[in-house]
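Engineer: Need a 3D model of the following:
(one chain, ligands or ions: 1)
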Amino acid sequence: MKNVSNFCIFLGLSLLLGTSIFAQVPTESWRPSIHFSPKKNWTNDPNGLLYYKGEYHLFFQYNPKGNEWGNMSWGHAKSKDLTHWTELPVAIPHDSAYIFSGCVVWDKSHVSGLGDPKKDLLIAIYTADFPNTRQEQHLAYSNDDGLTWTKYALNPILNINMKDFRDPNIIWHAASQQFVMSVVKPHEFAVQFYGSKDLIHWEILSQFAQQGDSGMIWECPALVELPIEGSKESKWVLSVSSQGPYKGSVGMQYFVGNFDGKQFVNENPKEQVLYVDHGKDFYAAIPFYNGMNSEVFWLGWALNWAYAGEQPTFPWKGQMSTARTLRLVQTQAGLRLKQVFKPNFASIKPDLALKNIQIGSQWKFPSPVLLKDQVYLVELDFSDMNSGELLISIADEGSPEKFNIGISTKEHKIWVDRSQSGKILGNGFAQISEATWLPDRSRKIQILVDRSIIEILAADGTVAMSTLRFPESKSEKLSIISSSGPVNIRGIKVWKLK
Ligand code: FRU
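Structural biologist: From the prediction side, this is the model:
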């Protein structure tokens, strides 16, 4: 009796405090398998992405003490293939300052003069956030491959006495033989560039501001040189995390242009807005530093500040996208960012490969190819479809639960509807997301399903849509539905990913 009344008091208190006791039940069925999520606690931005001695390092914004934003420190994980991750101890713990976002550079020639000259040297440059007071750029170094870090005794290395001034990202700019840092003044919608020879002393080079989308503050900038596919040319791309395609939700945009070692010049009109991803769950992506910057690839935080605190998972909250290689492609509308899944999923033999399939009103993927809890990549070639609409539906047969991906060839549109996909969060979570593709791009769509994360790349990688979902049903099947009479699909391939 006493136990029952204690439970009632506990339940009453939980409800009163607005927390649910059920929120503390582990939700492992929602844990992505090939995407990184910390074993427990909160994460947001990826930090210090680095390819080094055959391993990919991922540092990340991390709360070592809880399942919500706070105590910001750098967590650490590494992987040999970008799909199996090993979580390591907290790399840079906070002190009186929170350790906000930043990057890691491999100081191959020991230009900084820090640490042990006989050992490999990694340099982390991040924002030290003194809550409600000031943000400065600080440095820490590691002689043990990123496991432990020493905070530089003469920090800050860059301070302009601003409350908001953050997220340094560094490249080696070979032509001007200097390191170049991009860093934002979020409320001025400005990226500043600084140059340095030794990673310690930084001089202002220039500022790029108030172009594209300035509906929300700018964060996490990155400047990279990308090859233009099919040519020997390259161009510079500046990405920033900001407002995305949906009002009130964050996302990422990019600018294409030139960088001469001093200034970035946007080659498009300043009002033009180019978004990186038209889903709602891709933010704060930064490229992996790989010394030469020969192949550029990045990953982002797969969540949105609009509803991040509500992510109904336990004991972790927050996860990363898949790594994607970046290029530029020449399209009828100009140069556009192309993203390709970096793990080469399609290099192995598909588990299902079908050609010329007639879709009547509904076509079900042969079971047991696609069952809940599996991780898979689906590729659909709809080149022969000149009109009509298709739905690719991941649905529970016994309930209204479904996650729909729509394709309209007439309007060149792809949309994602998660409004009945299980647990629905607030702040625009249920709103349909959509993207149009340029008619000169290929009609292929790749859908990567990893439990709670669904990533879409389509139209030659010029359309990306990253979307979370929290299904509640016990089973689900994948089918293709045509609402406009029979259509012909040129090819379907499915890879089960372990
Ligand atoms: C972006 C961001 C960064 C900041 C970090 C703090 O999501 O707000 O600007 O450094 O998160 O956790």
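Engineer: Now do the contacts for Gly261.
Structural biologist: 173, 175-176, 178, 180, 195, 205 (Cβ atoms under 8 Å, 6 or more residues apart in numbering). In this view, the C-beta of every residue, glycine as well, is placed from N, C-alpha and C.
Engineer: er, Ala209 I mean
Structural biologist: So Ala209 contacts 188-191 (Cβ under 8 Å, 6+ apart).
Engineer: Among those residues, which one has the most neighbours?
Structural biologist: Using other Cβ atoms under 10 Å as the neighbour test, the contacts of Ala209 are led by Val191, with 25 neighbours.
Engineer: Report the next helix or strand after the helix or strand it falls within in sequence order.
Structural biologist: In this structure, Val191 sits in strand 190-196 according to DSSP states H and E. Using DSSP H and E, the helix or strand that follows strand 190-196 in sequence is strand 203-209.
Engineer: mind listing what's buried in that following strand?
Structural biologist: 205-206, 208 (16 or more other Cβ atoms under 10 Å).
Engineer: Not counting its neighbours along the chain, what's nearest the residue nearest the centre of the chain?
Structural biologist: What sits nearest the mean C-alpha location of the chain, by Cα atoms, centre = their mean, is Gly300, with 1.9 Å. The shortest distance from Gly300 to any non-neighbouring residue, by Cβ to Cβ, 6 or more residues apart in numbering, is to Ala285 (3.2 Å).
Engineer: ok, now which ones touch that neighbour?
Structural biologist: With contact taken as Cβ under 8 Å, 6+ apart, Ala285 is in contact with 46, 220, 222, 239, 241, 252, 276, 298-301, 321.
Engineer: Gln135 reaches Asn161, doesn't it?
Structural biologist: No. The pair Gln135 / Asn161 is not scored as a contact, 9.7 Å apart, by Cβ atoms under 8 Å.
Engineer: Have a look at the two and say which one is more surrounded.
Structural biologist: Neighbour tally, Gln135 and Asn161, criterion other Cβ under 10 Å: the higher count belongs to Gln135, 26 against 8.
Engineer: Quick check: phi and psi on the more buried one?
Structural biologist: Torsion angles at Gln135 (phi, psi; degrees, to the nearest 10) stand at phi -120, psi 130.
Engineer: Quick check: closest non-adjacent residue to the residue of the stretch 201-350 of the chain found nearest the ligand.
Structural biologist: Residue nearest to the ligand within the stretch 201-350 of the chain: Glu219 (3.6 Å; Cβ to the nearest ligand atom). Distances taken as Cβ to Cβ, 6+ apart put Ser241 closest to Glu219, at 4.5 Å, once the chain neighbours are dropped.
Engineer: With Asn161 instead?
Structural biologist: Distances taken as Cβ to Cβ, 6+ apart put Arg134 closest to Asn161, at 6.6 Å, once the chain neighbours are dropped.
Engineer: and this structure, which residues reach the ligand?
Structural biologist: Counting by Cβ under 6 Å from any ligand atom, the chain comes close to the ligand at 44-45, 61, 72, 100-101, 127, 166-167, 219-220, 284.
Engineer: Please determine how far the nearest residue to Pro350 once chain neighbours are set aside is located from Phe365.
Structural biologist: Leaving aside its sequence neighbours, Pro350 sits nearest to Lys493 (Cβ to Cβ, 6+ apart; 4.2 Å). Look at Lys493 and Phe365: by Cβ to Cβ, to the nearest Å, they are 11 Å apart.
Engineer: Name the residues contacting each of the two.
Structural biologist: Taking Cβ under 8 Å, 6+ apart as the contact rule, Lys493 and Phe365 both touch Leu352.
Engineer: thought Gln446 was touching Asp381?
Structural biologist: No. Applying Cβ under 8 Å as the test, Gln446 and Asp381 come out as separate, 10.2 Å apart.
Engineer: Please give me every residue in contact with the residue in the stretch 351-498 of the chain positioned nearest to the ligand.
Structural biologist: Residue nearest to the ligand within the stretch 351-498 of the chain (Cβ to the nearest ligand atom): Ser466, separated by 15.1 Å. Applying Cβ under 8 Å, 6+ apart, one finds that Ser466 lies in contact with 277, 279-282, 300, 302, 321, 453-456.
Engineer: Any chance of JSON lines for the residues you listed, columns pLDDT and distance to Val105?
Structural biologist: Converted to JSON lines, these look like this (pLDDT from 0 to 100; distance: Cβ to Cβ, whole Å):
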{"residue": "Asp277", "pLDDT": "98", "distance to Val105": "26"}
{"residue": "Gly279", "pLDDT": "98", "distance to Val105": "30"}
{"residue": "Lys280", "pLDDT": "98", "distance to Val105": "32"}
{"residue": "Asp281", "pLDDT": "98", "distance to Val105": "28"}
{"residue": "Phe282", "pLDDT": "98", "distance to Val105": "24"}
{"residue": "Gly300", "pLDDT": "98", "distance to Val105": "20"}
{"residue": "Ala302", "pLDDT": "98", "distance to Val105": "25"}
{"residue": "Ser321", "pLDDT": "98", "distance to Val105": "23"}
{"residue": "Ile453", "pLDDT": "97", "distance to Val105": "29"}
{"residue": "Ile454", "pLDDT": "98", "distance to Val105": "34"}
{"residue": "Glu455", "pLDDT": "98", "distance to Val105": "28"}
{"residue": "Ile456", "pLDDT": "98", "distance to Val105": "33"}
